[in-house]
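J.: Return a 3D structure for these sequence lines:
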Amino acid sequence: MKKSIAVYPGSFDPITLGHLDIIHRGLEIFDHLIVAVASNSGKEPLFTIEERLELARNALGASPRLEIDTFDGLLIDYLQAKGADIILRGLRAVSDFEYEYQVAQTNHQLDPRIETLFLMTSIPYAFLSSSVVKEVASHHGAVDSFVPPLVRDALMRKFARPNLEE
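T.: Next up, the predicted model:
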């Protein structure tokens, strides 16, 4: 029987409870899941690649069926190198679908073996994005219901207010 290896790619800047939801549900479907943190996503990240990998590893813990890795370049090349043939993506709303559909079709054109599986984000996380989390955190708002405690703490350090009592 063929083992299913899926890759869940993203910038994970930072990893959120919505991401964790997709990852845990992905582990119910696939034999092996690789969380692939994009090192060059075209975005200016808040966290370095090393910080994002560490946050993901600490938020997820160790599992023989879960790998947390980084990649640069074409996702298709990464899947081929890993022997994976499924891309896992989460969809929050209809607005995500158009972009994700274009990317999935492009990836399938580049390698027809590659399939993309979309999971609808669970309702409590349907509005959640890393960008929203960073915006709230930058204004010192509470992000406890959006991210694990270790990510909240890392965000607090990134957005710490300077000591004005000097």
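J.: can you map out the helices along this protein?
T.: Secondary structure of the chain by DSSP state H: the helices cover 17-29, 49-60, 75-82, 94-110, 130-138, 149-158.
J.: Could you dump the ones you listed into a markdown table with mean neighbour count added?
T.: To be clear about C-beta, it is placed using only N, CA and C from the backbone, and glycine gets the same treatment. Shown next, in a markdown table, are these (neighbours: other CB atoms under 10 Å):
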| stretch | mean neighbour count |
| --- | --- |
| helix 17-29 | 18 |
| helix 49-60 | 18 |
| helix 75-82 | 17 |
| helix 94-110 | 13 |
| helix 130-138 | 17 |
| helix 149-158 | 16 |
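J.: Output these in JSON lines, with distance to residue 68 and mean pLDDT appended to each entry.
T.: Listed next are the helices of the chain as JSON lines, based on distance: least, CB to CB, whole Å; pLDDT from 0 to 100:
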{"stretch": "helix 17-29", "distance to residue 68": "10", "mean pLDDT": "96"}
{"stretch": "helix 49-60", "distance to residue 68": "5", "mean pLDDT": "97"}
{"stretch": "helix 75-82", "distance to residue 68": "13", "mean pLDDT": "97"}
{"stretch": "helix 94-110", "distance to residue 68": "21", "mean pLDDT": "92"}
{"stretch": "helix 130-138", "distance to residue 68": "16", "mean pLDDT": "95"}
{"stretch": "helix 149-158", "distance to residue 68": "14", "mean pLDDT": "96"}
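J.: Output those as TSV; include the columns distance to residue 43.
T.: Listed next are the helices of the chain as TSV, based on distance: least, CB to CB, whole Å:
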stretch	distance to residue 43
helix 17-29	15
helix 49-60	12
helix 75-82	15
helix 94-110	14
helix 130-138	9
helix 149-158	15
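J.: Go through these and name the closest to residue 88.
T.: helix 17-29 (5.0 Å; CB to CB).
J.: And the closest one, what does it pack against?
T.: Contacting helix 17-29 under the criterion 3 or more CB pairs under 8 Å, 6 or more residues apart in numbering; DSSP states H and E are the following elements: strand 5-10, strand 32-38, helix 49-60, strand 86-91, strand 115-120.
J.: ok and it relative to strand 5-10, angle-wise?
T.: Interaxial angle of helix 17-29 relative to strand 5-10 (axes from the mean of the first three to the mean of the last three CA atoms, to 10 degrees): 170 degrees.
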